[in-house]
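In: Give me the fold of what follows.
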Amino acid sequence: MINKIIFDKVSLNFGTFTIFDNLSVEFRAGQITGIIGANGVGKSTLLKLAGQFIQPDSGLVTAFDDDKVINRIAFRQKIAAITPSMSLYSQLTALENLKFFTKMRDKKLIDNEIDKLFNRVNLNIENKNKIVGNFSTGMKQRLKLAILLAVDSDVWILDEPGSNLDECGKHLVLNEMKNAAQNGKLVLLATNDNDEAEAANELISLPIN
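Out: Numbers count the residues shown, from 1 in each chain. As a prediction, this is how the structure comes out:
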């Protein structure tokens, strides 16, 4: 199980603009680490670096599986994410989306498990056979959460996970994050939401460059 991700003197530039300069930080399993700061300071970029979706210009981002270094390909199989850039297939049903994304991780769900997932995220079971292109933004966010839960990865990368959700939905996300951390998962959260930030065990505030 992934137990930590370490940034060692990480630097990243976009053209002539420096996003991170010599950043060293450690993210640990069993807790929620919140990344806060003004829009544009690099919260989402930090999550992409942590998930090894992008590589730094210098320095190292290293993930450890039971204290042993794990390579990028194997590490990526242990990550699940909710991000604004995560696209669902609008011409498929909610059930087809769920099965597609879980199959990519070799997860096979039986009908009973699927129904429990839809109930768990308060996405009524009758919606599972409806086309996602007709869903509201809040319903799509709940479906993303259902996919995250179904994949059951060691690492959760969450970028504004409560966006487009009502208060009930935001409370649901908070509870799932807390449960995940209590069950030993490594939860990284980029947020500007006060309630999400308060749920974090540790906060990293990124300065304005």
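In: Show the secondary-structure elements that the strand or helix carrying F75 is packed against.
Out: Assigned by DSSP states H and E, F75 falls within helix 72-76. Applying 3 or more C-beta pairs under 8 Å, 6 or more residues apart in numbering; DSSP states H and E, we find helix 72-76 packed against strand 58-65. (Each C-beta comes from the backbone N, C-alpha and C, glycine too.)
In: beta partners for the residue nearest to the spatial centre of the chain?
Out: The centroid of the chain falls nearest to I157 when counting by C-alpha atoms, centre = their mean (2.4 Å). When assigned by DSSP bridges, I157 has beta-bridge partners A81, L188.
In: That one and D111, how far apart?
Out: To D111, I157 is 29 Å away according to C-beta to C-beta, to the nearest Å.
In: Per-residue confidence at the closest residue in space to G59 that isn't next to it in sequence, what does it come out as?
Out: What sits nearest to G59 in space, not counting adjacent residues and going by C-beta to C-beta, 6 or more residues apart in numbering, is V10, at 3.7 Å. What the model reports as pLDDT for V10 is 97.
In: my read: V10 touches S58, true?
Out: Yes - with contact defined as C-beta atoms under 8 Å, V10 reaches S58; the gap is 7.4 Å.
In: Compare the two (neighbour count), which wins?
Out: V10 (23 against 13; other C-beta atoms under 10 Å).
In: Who are the contact partners of A197?
Out: By C-beta atoms under 8 Å, 6 or more residues apart in numbering, the contact set of A197 is 34, 36, 191, 203.
In: Could you tell me which of these count as buried?
Out: For those, a neighbour count by 16 or more other C-beta atoms under 10 Å gives the buried set as 34, 36, 191.
In: Which neighbours in the sheet does the helix or strand where the first one lies have, and how are they oriented?
Out: Think G34. If you go by DSSP H and E, G34 is part of strand 31-36. The strands beside strand 31-36 in its sheet (DSSP bridges) come out as strand 186-190 (parallel), strand 202-205 (parallel).
In: any idea how far L186 is from A180?
Out: For A180, the distance to L186 - C-beta to C-beta - is 9 Å.
In: Now do the helices in the chain.
Out: Secondary structure of the chain (DSSP state H): helices at 43-50, 72-76, 94-103, 111-120, 137-151, 167-182, 194-199.
In: Distance-wise, check the residue nearest to the centre of the chain relative to G15.
Out: Distance from I157 to G15, by C-beta to C-beta: 25 Å.
In: Nearest residue to L145 in space, ignoring adjacent ones along the chain?
Out: V121 (4.9 Å).
In: How about G30?
Out: Nearest residue to G30 in three dimensions, chain neighbours excluded: G184, at 5.2 Å (C-beta to C-beta, 6+ apart).
In: And that neighbour, how far from A200?
Out: From G184 across to A200, the span is 16 Å (C-beta to C-beta).
In: the more surrounded of the two?
Out: Between G184 and A200, A200 has the larger neighbour count (other C-beta under 10 Å), namely 21 against 13.
In: Against E26, how distant is A74?
Out: In terms of C-beta to C-beta, A74 sits 20 Å off from E26.
In: what do you get for L206?
Out: Separation of L206 from E26 (C-beta to C-beta): 16 Å.
In: Tell me which of those two has more neighbours.
Out: Applying other C-beta under 10 Å to L206 and E26 shows that L206 carries more neighbours, namely 19 against 13.
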